[in-house]
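*Asks:* show me how the following folds:
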Amino acid sequence: MKSILKKLIIVLIGVSCFSACAITDKDKPITVNQLPAAAQQMIKKNFPNSKVAMAKQENDLLKTSYDVVFTNGDKIEFDSKGNWTGINCKNSFVPSALIPVQIKNYVQQNYPDNKIIEIDRDKKEYDVKLSNGIEITFNTKFQVIEMD
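*Replies:* Here you go, the predicted structure:
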């Protein structure tokens, strides 16, 4: 009887995990007007001449995020409130207004012939990729903590 109960519990746990995975990780195409207001304003201000090719809402188990891809291949990722978490400018450069001053100054002083083509941020750090391929990680105090 105990082994049947154990098997039943294992099956129920497996079904629950499978169901949770099926419910989550849903991507939904949206229009730019369906993005959070902060994301819409950021795009209008910093990418005024860029045409949006696709916008989508991603629903994971614990969070919602948004992706916007422009026709030139550039991409921005936003959190649920519309704050950017990642900017990837494959065919251009990250707009200067979006780069923290300390990071901008560091790059200008140490890599004057390069531009920032990608920047990601989270609660602990900023990851920056330069046009020459160098990747630099800064902590929240804007100190370099890693370089590739």
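*Asks:* could you pull out the strands for the protein?
*Replies:* Using DSSP state E, the strands of the chain run over 26-30, 52-59, 64-70, 75-78, 84-88, 116-121, 125-130, 135-139, 144-147.
*Asks:* any idea which of those is most buried?
*Replies:* Counting by mean count of other Cβ atoms under 10 Å, strand 75-78 has the highest mean neighbour count of these, with a mean of 22. C-betas here are computed from N, CA, C, even on glycine.
*Asks:* how much space between the closest residue in space to residue 29 that isn't next to it in sequence and residue 47?
*Replies:* Distances taken as Cβ to Cβ, 6 or more residues apart in numbering put residue 56 closest to residue 29, at 5.3 Å, once the chain neighbours are dropped. Distance, residue 56 to residue 47, by Cβ to Cβ, to the nearest Å: 17 Å.
*Asks:* where does this protein have low pLDDT?
*Replies:* Along the chain, segments meeting pLDDT under 70 span 1-25.
*Asks:* so residue 57 touches residue 32, yeah?
*Replies:* No. Residue 57 lies out of contact with residue 32 (Cβ atoms under 8 Å); the separation is 11.7 Å.
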